[in-house]
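Novice: Need a 3D model of the following:
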Amino acid sequence: LNNHSNVLSLASKLPSSDQAVLKTQVIAYISLSNYSQALSLSQSSEDLLFETAYCHYKLGDYNSCLSICQNQKSQKFKQLKAQACFRSCLFEEAMADYEELLQAETDNTELLINLSASAVAPGIYERGVDHMLLQHSSTWEILFNKACALCGLQKFSEALSILESVESQIKKDSDLQDEIWMVKAQRAYIYQKTEEYQRASEIYQEILKGDSEGNLKAIAKNNLLVLKKDESGEAIKQLKEAVAESAKLTTLQKIGILLNLAIIAHKRRRKEDLNKAIDECQKWSVSDERLASVKSLILLKEKKHQDYKDYLLSLNQPWAYILLSEIYLHQNKHLEASEALLALKEKDPSYCKIEYYITLCEVLEESKQLEIAASVLEEASKKFTDSRIWKLWAETHLKLGNPQKASEIYSEYLSNTYNQEFQAQLVLSKASQNISEAEKYASQLPQVNLKALYSSGDRLESLDEILDRLEFANLTWKQKIEEKGPTEIKSKKRKRKPRYPKGIDPNDPNKPQPDPERWIPLKERKAFRKKYRKKQQKMKGPQGAAAEKEKEIGVFSRGPSTAHTEAVGEKAKKKRKK
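Specialist: Prediction:
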């Protein structure tokens with residue numbers, strides 16, 4: 001560093017117009033990681049185009065870097081372009097660039113490692129696992145990337161076995177001991193996905209307490225919060241720290257952490273944090289599918305229907321139309337969902353596979369657009385020979401009340417490929433039009449093997465044998481009823497074991513036995529009667545009358561009534577009132 005500083009101090013005394021001096025200054029600033037100053041100098045010269053592109057790359061301005069590298073043909077520009085594509089989440093373009101570079105340098109291990117890392121991305125995991133250039137490599141970096149790709153394909157047991165071999169290679173080399181944390185983090189992720197939460201949590205805690213790099217600690221912190229389902233304000237603070245902790249996080253990792261932050265902020269109604277997280281995600285990747293999903297769902301919950309529609313359509317990506325249709329289907333808006341799927345067909349027909357046409361047909365049927373469904377399936381039948389497409393096409397015409405067209409579809413398919421189910425459906429559709437033709441096609445169907453209708457253990461039974469056996473069993477049962485008589489055949493009552501209070505065992509005399517009076521009301525039990533104290537009888541009846549003992553408890557006395565007896569002092573009160 002002192003040497004580069006000395007170079008800069010010496011270069012400042014030389015004329016700045018000299019290209020050699022300018023290039024020396026730019027390289028010195030790059031070596032000192034002062035990319036902003038290097039960029040300001042390099043932009044003034046066309047001879048320093050690569051240095052300008054490199055400074056843009058290091059400053060995170062990948063679009064500017066790509067625009068410079070786009071039309072350059074030298075190897076160093078192609079390699080920088082591949083790295084910028086990887087950082088911009090353009091993984092397929094990055095793979096294509098690395099494959100082109102490897103044609104000139106087949107044994108370049110660094111390029112092979114970068115190629116394998118580019119395949120660890122949604123949608124292209126299989127290419128990373130089955131790639132010819134990577135299949136026979138035993139380098140631990142490539143094996144690690146392969147394990148990550150297998151995790152993306154949900155093949156966790158295979159990924160764990162590869163990680164074990166990677167860990168054994170790392171332990172043999174003393175210079176690679178710091179890389180063991182990366183393997184542990186991936187192992188913890190697999191445990192988390194396979195619901196072994198305790199093991200995953202222990203490894204994440206070990207990473208956070210250990211001397212691992214900042215990017216691994218950031219990932220561990222994020223995954224641990226997800227594992228614990230922590231949606232507190234403290235979780236938002238920790239996720240912000242995780243993003244700021246390390247510049248070595250990949251773009252996908254940064255977006256993943258920021259989206260978790262956005263979801264928690266939305267749930268806690270912290271709009272400022274939510275908007276900041278979404279804006280930061282868009283800065284790294286505008287067309288990320290996960291970002292679009294989160295942003296659209298937030299707009300949906302806020303009932304801003306036009307906003308999420310305009311946003312998804314503005315992305316101009318095939319998956320955005322699929323996402324829009326899924327949101328509409330979630331709201332049972334089949335008509336709008338069908339419009340989104342039809343727009344995708346016009347936008348990018350190559351994206352429309354068999355599953356797309358099947359889904360579109362189901363949505364059109366729900367929205368009662370059978371005529372459009374029939375025309376779409378007719379178009380699909382010209383591209384695919386899959387029986388599901390042809391079957392749906394024929395069934396749609398049957399629902400439209402057009403069995404003749406359905407028969408033609410079945411006949412056309414059977415002319416190229418024999419299908420027993422289609423032959424049977426052709427018979428049924430012809431039966432409503434022409435019985436003789438239906439019989440003709442029915443004769444081509446195989447005869448039913450009655451002996452294969454039912455299997456009892458290792459023995460096959462025919463239909464007649466089954467009926468005879470059932471009839472014999474019925475007769476045997478009737479004979480038993482007649483012999484025993486109706487009084488002898490009684491329904492068996494289930495004997496239930498008596499239930500005792502907790503802590504009581506009737507077979508153990510040392511333990512306390514249940515109270516025999518536990519079902520009797522409290523006031524009628526003997527123990528309660530002993531404690532009961534007789535209270536002085538209260539006066540009953542009108543004032544001045546003597547209390548009379550009742551003959552029975554709870555029964556009123558049947559002696560002479562005092563209802564009409566005049567109370568003492570009543571006459572005096574009347575006189576006073578006068």
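
Novice: Distance of residue 321 relative to residue 313?
Specialist: Going from residue 321 to residue 313 by CB to CB, to the nearest Å gives 8 Å. In this view, the C-beta of every residue, glycine as well, is placed from N, C-alpha and C.

Novice: what's the residue closest to the geometric middle of this structure?
Specialist: With distances taken as CA atoms, centre = their mean, the chain has residue 193 as the residue nearest its mean C-alpha position (10.9 Å).

Novice: which residues touch it?
Specialist: When contacts are counted by CB atoms under 8 Å, 6 or more residues apart in numbering, residue 193 touches 151, 154, 156.

Novice: that older thread, residue 321 and residue 313 - which one has more neighbours?
Specialist: Neighbours of residue 321 and residue 313, each counted by other CB atoms under 10 Å, are more numerous for residue 321; the result is 24 against 15.

Novice: For that one, which non-adjacent residue is spatially closest?
Specialist: Once its chain neighbours are removed from consideration, residue 321 has its nearest residue in residue 344; the separation is 3.8 Å (CB to CB, 6 or more residues apart in numbering).

Novice: mind checking which helix or strand that neighbour is in?
Specialist: For residue 344, the host element (DSSP states H and E) is helix 334-347.

Novice: Give the buried residues for that helix.
Specialist: Along helix 334-347, the positions that meet the burial threshold by neighbour count (16 or more other CB atoms under 10 Å) are 334, 336-342, 344-345.

Novice: Would you mark the buried spots in stretch 22-31?
Specialist: For stretch 22-31, a neighbour-count test (16+ other CB under 10 Å) marks 22-30 as buried.

Novice: So which of those sit within strands?
Specialist: Where the buried residues of stretch 22-31 are compared with strands, as defined by DSSP state E, there is no overlap at all.

Novice: Which two of these have the greatest separation?
Specialist: Longest distance between any two of these is 12.8 Å, between 22 and 30; criterion CB to CB.

Novice: now what about stretch 292-299, what contacts it?
Specialist: Contact partners of stretch 292-299, identified using CB under 8 Å, 6+ apart, comprise 259, 262-263, 266, 274, 278, 305, 307-308, 311-312, 315, 317, 319-320, 323-324, 327.

Novice: now swap in stretch 198-217 and tell me
Specialist: For stretch 198-217, the external contacting residues (CB under 8 Å, 6+ apart) are 178, 181-182, 184-185, 187-189, 191-192, 220-221, 223-224, 227-228, 242, 245-246, 248-249, 253.

Novice: now with 7 Å?
Specialist: 181-182, 184-185, 187-188, 191-192, 220-221, 223-224, 227, 245-246, 248-249 (CB atoms under 7 Å, 6 or more residues apart in numbering).

Novice: what about residue 240, distance to residue 278?
Specialist: As judged by CB to CB, residue 240 and residue 278 stand 14 Å apart.

Novice: The two: which is more packed in?
Specialist: residue 278 (20 against 16).

Novice: what's near enough to touch that one?
Specialist: Taking CB under 7 Å, 6+ apart as the definition of contact, the neighbours of residue 278 are 262, 295.

Novice: Spell out which helix or strand contains it, please.
Specialist: Element membership of residue 278, judged by DSSP H and E, is helix 271-284.

Novice: now that helix: how far from the chain's centre is it?
Specialist: Averaging C-alpha coordinates over helix 271-284 and over its chain gives two centres that are 23 Å apart (CA atoms, centre = their mean, to the nearest Å).

Novice: quick check: mean pLDDT across whatever helix or strand comes next after it?
Specialist: Later in the chain than helix 271-284, the nearest helix or strand by DSSP H and E is helix 289-301. Model confidence over helix 289-301, given as mean pLDDT, is 86.

Novice: what angle separates helix 289-301 from helix 271-284?
Specialist: Here helix 289-301 runs at an angle of 150 degrees relative to helix 271-284 (axes from the mean of the first three to the mean of the last three CA atoms, to 10 degrees).
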